[in-house]
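Trainee: Pasting a predicted model and its sequence here:
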Amino acid sequence: MTFSRITPADYPKLRPFFQGLRYTLSAYSLPSILVWSNDVYHPCAALQEDTLHIGVEFIQNGQLRHLILPVSPVRSHSPRQLYDFAVKYGYRRYCFVPEAYIETHGRGCMEKYFTIEPQEGYDDYVYVKDDLATLKGNRYSKKRNLIKQFEREYAGEGRVRVEPITPSAAPDCIDFLEQWCKERDCDANPAQDLACEKLAAIHMLENFGILEVKGLLVRLDGVISALGIGTQLTHNMGVLHFEKAFSRIKGLYQYVDRLCAGHLFNGCTYINKESDMGIPELVKSKNSYHPACLIKSYQLVIR
């Protein structure tokens, strides 16, 4: 069994391994795995009968290379199996291990083989979909007021247009992302999370017709000013992978967030809005929407 680099073109071949996925961290979204690839790191995978093993290779810093939990539609894997596999193929750690996996097997069993370490900044925020789609109740009054301000300013005839993202809209969406990135100065360090996230979003847009993702965009006076992209993770949870809006337009972010919750996740009970990456602005924003829970993420380092 050998590891090979994987790309969005591999999505149809790899998708069956994610049927009945039991892990609720957004790191196990196959479209996301495939698009987070750049000059710093890239995903790789190896097939072993009914199991897909997934790793991340770092180009310059081999100390950071790691696995995530293997995925299979028919079996789970014990801590001892994880340990044996990591040792055999030269990996020292698993990243993005959900707390539920550790609780299922017990810390005592896990610690026979691994040191358990929290992954600071990479716990996922999970919300009740209907809460975000309706914004009912006093705790969301500020969000509703911001949306009303946006609508009063821009709801004139033809000024606001909401459209589904299609492959033909991808070039305009990418242009928007470049402008959004300039607003945030996220290209100042190409190796930092925001710059890598922008590139991942571009990869997703470039492969929109392959990856079974859904998206919507908002045009103001004909110009794309916000977008959101999501996908299904488990039978009752979706992931909002990317949600961007020009911050200079008051209420636009709240407007597109409510649209995404209401239109991208039919059949889902929960929306996973990923982690805050330790960015204070994101910590504040994600908590302001009152998450139902945080899914804790850990790394397992072999003993």
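Mentor: Arrived safely.

Trainee: how much space between residue 18 and residue 28?
Mentor: Residue 18 is 8 Å from residue 28, where distance means CB to CB, to the nearest Å. (Glycine included, C-beta is placed from N, CA and C.)

Trainee: shared neighbours, those two?
Mentor: residue 71 (CB atoms under 8 Å, 6 or more residues apart in numbering).

Trainee: any weak-confidence spans in the protein?
Mentor: Applying pLDDT under 70 to the chain flags the ranges 187-192.

Trainee: Pop the domain breakdown of it in here.
Mentor: 4-122, 124-295 (automatic domain parsing).

Trainee: Save the ones you listed as CSV, and put in distance to residue 301 and mean neighbour count too.
Mentor: Formatted as CSV, the domains of the chain follow (distance: least, CB to CB, whole Å; neighbours: other CB atoms under 10 Å):
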stretch, distance to residue 301, mean neighbour count
domain 4-122, 5, 17
domain 124-295, 20, 17
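
Trainee: Between those, which one is closest to residue 303.
Mentor: domain 4-122 (6.1 Å; CB to CB).

Trainee: That closest one spans what distance, first to last residue?
Mentor: 26 Å (CA to CA, to the nearest Å).

Trainee: For the stretch 51-200 of the chain, which segments are assigned as helices?
Mentor: 79-89, 99-105, 107-110, 129-134, 141-154, 170-184, 193-206 (DSSP state H, counting those that start in this stretch).

Trainee: can those helices go into TSV with extra columns for distance to residue 266?
Mentor: Below are the helices of the stretch 51-200 of the chain laid out as TSV (distance: least, CB to CB, whole Å):
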stretch	distance to residue 266
helix 79-89	35
helix 99-105	25
helix 107-110	37
helix 129-134	9
helix 141-154	21
helix 170-184	22
helix 193-206	20
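
Trainee: do you know which of the ones you listed lies nearest residue 4?
Mentor: Of the helices of the stretch 51-200 of the chain, nearest to residue 4 by CB to CB is helix 79-89, at 12.8 Å.
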